[in-house]
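> sequence plus the predicted model coming up.
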Amino acid sequence: MTPINPTMQVGTNDGREDFKYVGMLSQPGRQSWDMAKGIAKFPRDMTKEGMLYARSLRCPYGRATVEIIDTAAAEALEGVAAVIRWDDEDLQKYPANWQALGWLPILSDKGEYESDECGVVVVARTDELCRRALDLVEVKWTVLQHVLDPRVAALEGAPVLFPDLNPVGNIGGFLWADSNLWETGNVVEGFEEADHILEYDYGWPNHTTFRATPPAYLAYWEPDPWGTADYGEVLYINGSRIFGDDGFYGFARQTLGLDLDHVRSTTPYVGGCYCNYHNNRGVCLAPYLSKRLGSPVRYMYSRRDDFDYCTPQNYFRQRIGFTKEGLLTAVQSHQINQTGVRSTMSLRVGGPNIAVTFGASGFEVTKCENLYSTLEQCYTNGTCISSEPSAKEIDVVCVALQKIAEELNMDPVDVYRLNMKENSSLEMCLEAGIKAFNWEEKYHAPGTKTLPDGRLHGVAIRYGDQNNGPGGDRYNMSLALKEDGKVYLPFSESFLGSYWAEMCQMVIAEEVGMKLEDVICYFSPHYPNWNPGASSDHAKSATYGAKEAAILLKNRICKTGFARLGATGPDEVDIVDSMLVLKADPTKSMALKALGHIAAFADDISPMQGMIPHTMSMAFCEVAVDPETGQVEVLNYVVAHDFGKLFRLSSAAGQIENMIVMCNGIAQGEVIVWDEDTGVLLNGNIIDYKVPTRLDAPPIETVVVESRQGVGAYGASGVAHAHLNRGLPLCAVANAIGAWVDSVPLTSEKVLRALGKID
Amino acid sequence: MKEGELGATKVSRRDFLKLGGIAAATGGVTTLGAGSLVGCATVDASIAEIEILYTCPIDGKQFASYEAMQEHFTTNHPEAVVPEVMTFAVNGTSMKVQVEPQWTLQETLQHALSLTGAKTMCDRGGCGSCTVLVNGVPALSCTILAIECEGKQIETVEGIAADEKWGPLFDAFASHDGSQCGYCSPGHIVVSKYLIEKFGEPTSEQIAQGLASNVCRCGTYQRHTPAIQEAAAAIKGGGGQ
């Protein structure tokens, strides 16, 4: 295959074709046995001798302030080690930190959403005692007005929720959303060129992105493991190092004023992470309490406590203009978006929605040059917000292109080809997907096909690209050839399911010339560096860094060993199957262990995907809709994904399955529900909140496309973010019933209303 | 033991009970599982050595046997009632365990016996992550009180892992990437073992129905059917030992 990317990066090296391991096998993940056998230690499983437990008071209202608090009875309970109020003198020494805490102190008297941690934290010998002590705390609350819906928060006259952040309204947000207007071209002229203009609404409520394991932060302090004099104690805390210092226990570090080398991770097993950048206050409070009390402290959460991670509510009013041939000429978008409570970057008090982009900006992948977008990003109570990179812009484009197709009775594939900017990756995915899905046979005009069982049949397509999330990561790869002749890569990143460590192992084996089994990647709590590996998109950056480090190490090994084989320079030797070999006479070789300890270190930032053409994907979906009940069944998905370069089929396809299953759940039923009057979460558990089971998961077929256009090693690209595709089933339902539902989830009520069968 | 106190075990090199699990009850966090070494041969660490301790609720003293605690009461607290213990049969080993009446089976396995394979995800019987076999039948250990289990045979994922016969099941889950974050995997394994025992070579439909209440937030569902069928065939063919 001819390399497409003209800019060769050291980590990408997309010209290589002679692979021994990359893409050649899906060797089992070494952590797989531990996970299946129950051996892997997740945060809730970890204990430490002398460990105390901690829990916080939870706000019982949508928004409230502690007015009076009496903790005497809790303090008197036998087994309680400490009861620490928000106004504790020592606690207040720790500065408010916007990024971690939204300008709130480490513990506040403010409950900014129902179940917010506030007021008091108790520490006791057992978790049961913590709960009992909290029951004994008497609190008088000042209940304040709350707002759950950003559309309400945006209204004139709505209660001002955070006057310290915005004294006159609820518009907040940061990063890409600092301004509320974005435009390019001339949208007025664009609409004048249009033969057709459509206006419609699209949007979605909150769904939760809770992790499988309810958090349980175990923190303790121990002397420097290497015994360095005057180094001080090192904080150990379980969590994910995802995004290095910008996430998770980076916030503990910032809040407590520690430098990076004084914080260590304790386990790679964290129980999944679905773009929820946030952590609970426990990530700051556990180390604080441990330091203060001189004991390990485990800060506990129940499932209910952890159920308020949500992706933001987004509501769009879209206006699109297009020619009679189907070519977009103008897009106008108004978007109301939810920031979460304080629009911070991390903890539960906030929610960054850091990937906020304007509703029309997604159309930059199209040829349309006239785009105009306004955004109201509003503070709310009710939830903190995780992120959903790529989702908004991709979803709104897909809905728009499908609407054009249906308005003009065109095949959506033709509309895509007409409107999308030229991209060889997209075309490769389209071709592969059309064939695998049998699109040409399955597609039909809206509302025109009925299945033998009387249900209405529908299909739709959706593009995805990898322009968000993949790249720009710092990496810090330290490779060492050790005395046993094996190459070691320590890391302190988490295992989230992408099998990124196996991919790094493959890259190192390829580049150094090792047998796969002679490359050992190992979790090291005492290794304070990080590799940005945990998610599939970041695995791409990890492989980039691993490749760079491997090239450096190989050069050093050859430089150290060439003379022993009688060569006159390092260029005359090579490493093959873990042996140093004389190129001119391969019968002359030596084991690497004779060379002793040789190390190499790569520390840089991986390139952003935006530097080169995007790798794309095309997802295809088939649904059946019961016109009598409105029930939607998704029959199957086919996903043609450009992996750039495929490393490990099983885990690459697994990332797609992960997102499709989750997003199919979002499209079909997942929604967080609050009581509007009290702000109390009503379905904060896995029984009342519908999480998809295997009976809800349709078959998913992955079709491999490899364009070598990504920014990982050998042109690899990421996977998961591109498939946050709740809009795909919605488009397929429109094709089935010949009418549009304007939001997910696709409830029977909405479908029947769209069919005109109920008011 | 103080009221409401958990954590009545510690790792011991003296007793050797084939309980399953890994020896990390109070050993801290250094033992994370062999798989944290990518590229190394898997070390089978599924045999635990656990010493069950009995704690005097009055003075906190701990004893290596129930009889020793009884003797302690006779000598030091003759007026007090000796705490009751219940007999647990876990993974083929019978033992006396000091439990509180409100403890669930999951809490007891985790905190009193250091068996962490039965996971807390939903804590109300809605996800299957805490599944164990009670008298050979899948049961949700987060919704069963420990005191209900006296005299019943309890089998956890650690016990299944310790039985070489079931090696092909773990191998198949590994080769199919049946886990992503891995938190729900033990619950899936326990039910899978039950399905293979019940049906021999379960059909796709039997697997789908049997595992319908096991939630995987990472969406690994379609990996499990081929893994279980592959394992069932291997076990039937004598692939296990």
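Alright, I've got the coordinates. Numbering: from 1, shown residues only, chains lettered A, B, ... in the order given.
> the stretch 1-150 of chain A: helices as residue ranges?
Remark: helices assigned in the stretch 1-150 of chain A by DSSP state H, counting those that start in this stretch are A:31-37, A:72-76, A:98-101, A:127-136, A:150-153.
> so how far is stretch B:114-123 off the chain centroid?
Distance of stretch B:114-123 from the chain centroid (C-alpha atoms, centre = their mean, to the nearest Å) equals 8 Å.
> ignore what I typed, I meant stretch A:626-634.
Distance of stretch A:626-634 from its chain centroid, counting by C-alpha atoms, centre = their mean, is 31 Å.
> could you do stretch A:710-728 as well?
Counting by C-alpha atoms, centre = their mean, stretch A:710-728 comes out at 12 Å from the chain centroid.
> so what's the closest residue to residue A:690 other than its chain neighbours up against?
Once flanking residues are discounted, residue A:690 sits nearest to residue A:669: 4.3 Å by C-beta to C-beta, 6 or more residues apart in numbering or on different chains. C-beta coordinates here come from the backbone N, C-alpha and C atoms, glycine included. Listed by C-beta atoms under 8 Å, 6 or more residues apart in numbering or on different chains, the contact set of residue A:669 reads A:690, A:692, A:745, A:747.
> out of those, which two sit at the greatest distance?
A:692 and A:747 (15.2 Å; C-beta to C-beta).
> which one's more surrounded, these two?
residue A:692 (22 against 17; other C-beta atoms under 10 Å in any protein chain shown).
> quick one, phi/psi of the residue lying closest to the more buried one once chain neighbours are set aside?
Closest residue to residue A:692 apart from its sequence neighbours, by C-beta to C-beta, 6+ apart: residue A:665 at 3.7 Å. Per-residue torsions, residue A:665: phi -60, psi -40 (degrees, to the nearest 10).
> measure residue A:665 to residue A:641 for me?
With the distance defined as C-beta to C-beta, to the nearest Å, residue A:665 ends up 20 Å from residue A:641.
> who's more crowded, the two?
residue A:641 (31 against 22).
> now do the contacts for that one.
A:429, A:464, A:617, A:652, A:656, A:702, A:703, A:704, A:705, A:719, A:722, A:723.
> give me that answer again for 10 Å
A:425, A:429, A:432-433, A:464, A:466, A:615-619, A:652-653, A:655-656, A:702-706, A:717-719, A:722-723 (C-beta atoms under 10 Å, 6 or more residues apart in numbering or on different chains).
> and the pLDDT for whatever residue of the stretch 51-200 of chain A ends up closest to chain B?
The stretch 51-200 of chain A approaches chain B most closely through residue A:128 (3.9 Å), counting by C-beta to the nearest C-beta. Note for residue A:128: predicted pLDDT of 90.
> what about the strands in chain B?
For chain B, the strands defined by DSSP state E occupy B:9-11, B:37-38, B:50-52, B:54-55, B:62-63, B:86-90, B:93-97, B:131-134, B:137-140, B:153-155.
> do the stretch 201-350 of chain A as well
Taking DSSP state E, counting those that start in this stretch to define them, one finds strands in the stretch 201-350 of chain A at A:216-223, A:233-237, A:263-265, A:297-300, A:309-310, A:314-322, A:328-340.
> tell me which helix or strand in the chain has the weakest average pLDDT.
With no chain named, the answer covers chain A. Scoring the helices and strands of chain A by mean pLDDT, DSSP states H and E places helix A:98-101 at the bottom, with a mean of 53.
> chain B too?
Sorting the helices and strands of chain B by mean pLDDT, DSSP H and E puts strand B:9-11 at the bottom, at a mean of 42.
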